[in-house]
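[1] below are the sequence and a predicted model; questions follow.
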Amino acid sequence: MSKAERVARTSPDLITEQIEGLRAAFPEALSEGRVDWERLRATLGEIVDERPERYSFTWAGKQDSIRLLQTPSRATLVPCPEESVNWDTTQHLFVEGENLEVLKLLYRAYFGRVKMIYIDPPYNTGNDFVYPDNYADPLDTYLRLTGQKDAEGNLLTSNPQTSGRYHSAWLSMMYPRLFLARQLLREDGAIFVSIDDNEVHNLRMLMNEVFGEESFICSFIWKRRQQVDSRAKTGVSVDHEYMLVYRRGEARLRGREKDPSRYSNPDSDPRGPWASDNLVGLATKDQRPNLHYDLVDPGRGTAYPCPETGWRYGRDTMARLIADGRIIWPPEPTGRPRLKRYLNELADEFTGLSSVLNTVYNTQGTRELMELFGGKEVMDFPKPVEYMKMPVRQGMASDGHEIVLDFFAGSCPLAQAVLELNREDGGSRRYIMVQLPEPTPEGSPARDLGLATVADIGKERIRRVIARLNDAGGGQKSLNQGATPEDLGFRVFRLTESSFRQWSPPEGGEPEGYAEQMGMFEDPLIDNWTAERVIHEVALKEAGFGLNCRIERLSSVAGNTVWLVTDPDREQAFRVCLDEKVDSEVIRTLGLGKDDLFICRDVALDDDLAANLALQCRLKTV
C-alpha cells in the first residue's frame, strides 16, 4: 500500500496538461490515455484541413523548439535575501536566470495571473543575440555558462548573419518563450513586444501562430532617434522601431486620456462646459444623398452650403440639434457650422491612442541610466522610463495588485516605470523581472562598479531607484489612511540546480555504479540542502505558490521543526517538516484535517505513522 504521494520535482509536464485540456473539450477523442486522431477528425468535421498543401508558418528547427518547450524543468529558484530589499514585505520580484527555464518554473504558480507582459528581446542584429548553445540539457548548459558548474569552454554564442539558419535560430529561441508567456497571461491580459525591422515580419507571423491572428491589437511605431543618422550606408536613417501588441481573450488598451481643458463655457450654457466639434460627414452624395443639403440658420436666415462629403447627421437629427441650441453658427456664410459637444456627455474619459508614438527618444534612456550610476554608461541603449510607462498605463489598472512580467528585463527600466507610476498615482502594480546573467564586457564601466552581469545591473538599478524614492519621501499612499503601503522593495531569486538528487546513469554502466546511485537515493535531498531552499522549491513546484509566499516557523510546536507556508494571493497554506524523524505527538498537536496538506521526508515516517497520516490529511513526502 502506498504510504503517500511524492512531491513534484520538476515543472509541470506541458504535454500532459494539453492532453487534459483536449480531454475536457473532446473526451470522445481519447482512448486508453492516447489521442485517437481519426475520432478527433470525425468530431471536428469540416473544420479539419486535410489538403496536402495549406497555409502554414515553419522554420528549420521548429520541432526541436517544441520539444524543448515540452521538456519539464528540473531546476529550481533559490531565494537570495541578501541581495533583496525589504524581503519580508515586498511583492516585487527579480529572478536571475535563463528565461525559458524560469518561465517553466513559474508556469504553475502564475498560470493565468499576469495582467500584462512587456519584453524587449534580442533584435537579431548579428552580434547581440545570445542564447545557450545546447538544447539537449538546458539546465546543464545554463549552469556551465554561468560558472555554477565546472566545464570546459563556458561560452555564450552569438547568432551571426553568416549562419545558414540566422532567422530560424531566432524563431526557435522565441517560440517556446512566447508560448509560455501566453499561458501566464490573464484572459483580459495583453503582451507588448519591442522589435525592429530585422525580425518584425517573422515576429508577427510567430505571434499569429501562438496567440491567434484575431488576437492582434496593433503595431505601434516609435520614433526613437532624435537626430538623423548620416552614417547609414543605404542613405536612409532608420529612426523607428515597433511594439507589437497581442491580447488574450477580450483585452483592450485603455486609450489616450481626453483633455478636459478643451471644454469651457463662454456663453454660460446651463448644460455646462462644451467644446466645438466637427459636423462634416464622410460620404459623397452618391453614397449618402440624405446627408447632402444646405444648412440654414433659422435666426438670421443665413444659408451654409453643403460640404463635398455632406453633413454628419440627416435632416431630422440636425433639426433637433438646431432646436436644442447645439449648433454654433459662424458669422459669415463662408464659415462652417459646428456642434456643441458637452463634457458631461462623454461616454468615456479616454479616446483613441495613436499608433505612432512621438514621445521621448532613445537617448533619454541612456541619460537616465547614467544619472543613476554616477555618470557611467553601464549599458547600451536602455529604453527610456517614460516610454516604458506607456504599456504599463495601457495594459494595467493602477489598483488591484496587477502583475506585469518582463522576461528580457535588461537594465530593468520597466521596474523603474512601475515604481514611479505607483508613486505618481498611488497604484499597487507588481512586477516580475527575469534576466539572464549575461557577462558585462571586461574593462567596462559596469565592471568598474562591480557589476559583472546584466542581471547585476538590473538589480542595482532597482536598488538605486528605491533609494531615490525613499529620499524623496512618501507618495500619495502615505497620505491616505488605510491605503496599501507603498511597496519599495523586491525579492531576488536565482535559477540553479534542484535540492532533489537527479538520476544520472553511472559511467560504464557497471552494476556497482547503479548500486551506489540507488543507495544515494535513500534520501533524495542533496548533501548541502537547506530548509529554506527546499521549502521554496516544494511551494513552487508542488503547491503552485507564488514567489511571494511567506515561510514562518511554528514556535508553538515542540519536538519537531514545523514550518507554515502561506500564499497571500491564494489565501492557502500548508505545513512542512524536514526533520529526519516526525514525532507522532507533533502530528496530534498540529490538528491536521482532511483538507490540510502536510509534507515531510519519506525517511521520517514509519509505515504505521504514514498510513495514519494519509487517512488524516493530504500527505506528501520528499
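    Perfect, I can see it now.

[2] these two touch, right, Asp36 and Leu30?
    Yes - with contact defined as Cβ atoms under 8 Å, Asp36 reaches Leu30; the gap is 6.7 Å. (Each C-beta comes from the backbone N, C-alpha and C, glycine too.)

[3] what helix or strand is Tyr55 on?
    Using DSSP states H and E, Tyr55 sits in no helix or strand.

[4] least trustworthy helix or strand in the protein by mean pLDDT?
    Least confident helix or strand of the chain, by mean pLDDT, DSSP states H and E, is helix 511-520 with a mean of 59.

[5] next SSE after that helix?
    Using DSSP H and E, the helix or strand that follows helix 511-520 in sequence is helix 531-538.

[6] what ranges do the strands span in the stretch 1-150 of the chain?
    Assignment of strands within the stretch 1-150 of the chain using DSSP state E, counting those that start in this stretch yields the ranges 5-6, 30-31, 34-35, 75-79, 93-96, 114-119.

[7] go through the ones you listed and name the closest to Cys412.
    For the strands of the stretch 1-150 of the chain, distance to Cys412 was read as Cβ to Cβ. The smallest value, 7.6 Å, belongs to strand 93-96.

[8] now that closest one, how far from the centre of its chain.
    On the basis of Cα atoms, centre = their mean, to the nearest Å, strand 93-96 sits 13 Å off its chain's mean C-alpha point.

[9] relative to that strand, what are the paired strands and their orientations?
    Note on strand 93-96: by DSSP bridges, its sheet partners are strand 430-435 (parallel), strand 491-497 (parallel).

[10] let me have these in CSV, extended by mean pLDDT, distance to Leu451 and mean neighbour count.
    Listed next are these as CSV, based on pLDDT from 0 to 100; distance: least, Cβ to Cβ, whole Å; neighbours: other Cβ atoms under 10 Å:
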stretch, mean pLDDT, distance to Leu451, mean neighbour count
strand 430-435, 98, 12, 26
strand 491-497, 96, 14, 22
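
[11] okay, the ones you listed in TSV with distance to Glu402 next?
    Output for those, formatted as TSV (distance: least, Cβ to Cβ, whole Å):
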stretch	distance to Glu402
strand 430-435	7
strand 491-497	18
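
[12] looking at these, which is nearest to Gln227?
    For those, the distance to Gln227 is smallest for strand 430-435, at 30.1 Å, taking Cβ to Cβ.

[13] how far off centre is that closest one?
    Offset of strand 430-435 from its chain centre (Cα atoms, centre = their mean): 8 Å.

[14] contacts for that strand next, please.
    With Cβ atoms under 8 Å, 6 or more residues apart in numbering as the test, strand 430-435 has contacts from 91-97, 99, 102-103, 106, 110, 114, 401-410, 412, 414-415, 418, 454-455, 458, 462, 487, 490, 547.

[15] select only the buried ones of the residues you listed in PyMOL?
    Applying 16 or more other Cβ atoms under 10 Å to those leaves a buried subset, and the PyMOL line that selects it is:
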select buried, resi 91+92+93+94+95+96+97+99+102+103+106+110+114+402+403+404+405+406+407+408+409+410+412+414+415+418+454+455+458+462+487+490+547
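
[16] show me how far stretch 283-292 is from its chain's centre.
    48 Å.

[17] can you list the residues that contact it?
    Contacts to stretch 283-292, defined as Cβ under 8 Å, 6+ apart, come from residues Gly281, Cys306, Glu308, Thr309, Gly310, Trp311, Arg312, Tyr313, Gly314, Arg315.

[18] out of those, list just those in helices.
    Arg315 (DSSP state H).

[19] now tabulate the contacts of stretch 283-292 in a markdown table and tack on neighbour count.
    Output for the contacts of stretch 283-292, formatted as a markdown table (neighbours: other Cβ atoms under 10 Å):
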| residue | neighbour count |
| --- | --- |
| Gly281 | 19 |
| Cys306 | 16 |
| Glu308 | 10 |
| Thr309 | 16 |
| Gly310 | 22 |
| Trp311 | 23 |
| Arg312 | 17 |
| Tyr313 | 16 |
| Gly314 | 14 |
| Arg315 | 11 |
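
[20] could I get the contacts of stretch 283-292 as TSV with pLDDT and distance to Gln63?
    What follows is those, written out as TSV (pLDDT from 0 to 100; distance: Cβ to Cβ, whole Å):
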residue	pLDDT	distance to Gln63
Gly281	90	55
Cys306	94	63
Glu308	92	58
Thr309	93	54
Gly310	93	57
Trp311	93	60
Arg312	90	55
Tyr313	91	59
Gly314	91	60
Arg315	92	65
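
[21] please report the distance of Thr496 from Arg108.
    19 Å (Cβ to Cβ, to the nearest Å).

[22] swap that for Gly458, please
    Distance of Gly458 to Arg108, given as Cβ to Cβ: 25 Å.

[23] so for the helix or strand harbouring Gly365, what gets flagged as buried?
    With elements taken from DSSP H and E, the one containing Gly365 is helix 362-372. Residues of helix 362-372 classed as buried under the neighbour-count rule (16+ other Cβ under 10 Å) are Asn362, Gln364, Gly365, Thr366, Glu368, Leu369, Met370, Leu372.

[24] then stretch 203-221?
    Leu203, Arg204, Leu206, Met207, Val210, Phe211, Ser215, Ile217, Phe220, Ile221.

[25] the third one reaches Pro176, doesn't it?
    No - counting by Cβ under 8 Å, Leu206 stays clear of Pro176, with 11.0 Å between them.

[26] where does the stretch 51-200 of the chain have low pLDDT?
    Along the stretch 51-200 of the chain, segments meeting pLDDT under 70 span 51-52, 54, 124-138, 141, 144-165.

[27] tell me which residues touch Asp448, please.
    Counting by Cβ under 8 Å, 6+ apart, Asp448 makes contact with Lys376.

[28] and it, how close does it get to Glu442?
    Distance of Asp448 to Glu442, computed by Cβ to Cβ: 11 Å.

[29] just Arg6 next, same as before
    To Glu442, Arg6 is 46 Å away according to Cβ to Cβ.

[30] which one of these two has more residues nearby?
    Neighbour totals were compared for Arg6 and Glu442, and Arg6 leads with 13 against 7 (other Cβ atoms under 10 Å).

[31] can I get the buried residues of helix 362-372 in TSV including pLDDT and distance to Ile327?
    Below are the buried residues of helix 362-372 laid out as TSV (pLDDT from 0 to 100; distance: Cβ to Cβ, whole Å):
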residue	pLDDT	distance to Ile327
Asn362	92	47
Gln364	95	45
Gly365	95	49
Thr366	95	52
Glu368	96	49
Leu369	97	54
Met370	96	56
Leu372	97	55
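
[32] pick the one among the residues you listed closest to Asp277.
    Gln364 (35.1 Å).

[33] wait, doesn't that closest one sit right on Pro384?
    Yes - checked against Cβ under 8 Å, the pair Gln364 and Pro384 is within contact range at 4.1 Å.

[34] rewinding a little: C-terminal to the helix holding Gly365, what's the next element?
    Sequence order places helix 385-395 as the next helix or strand after helix 362-372, per DSSP H and E.

[35] neighbouring strands of the very next helix or strand once past that following helix in the sheet, and parallel or not?
    Later in the chain than helix 385-395, the nearest helix or strand by DSSP H and E is strand 403-406. Strands that pair with strand 403-406, judged by DSSP bridges, come out as strand 114-119 (parallel), strand 430-435 (parallel).

[36] give me the mean pLDDT for strand 403-406.
    In this model, strand 403-406 has a mean pLDDT of 98.

[37] and the contacts of it?
    With Cβ under 8 Å, 6+ apart, strand 403-406 has contacts from 110, 113-120, 181, 184, 392, 395-396, 412, 414-415, 418, 429-434.
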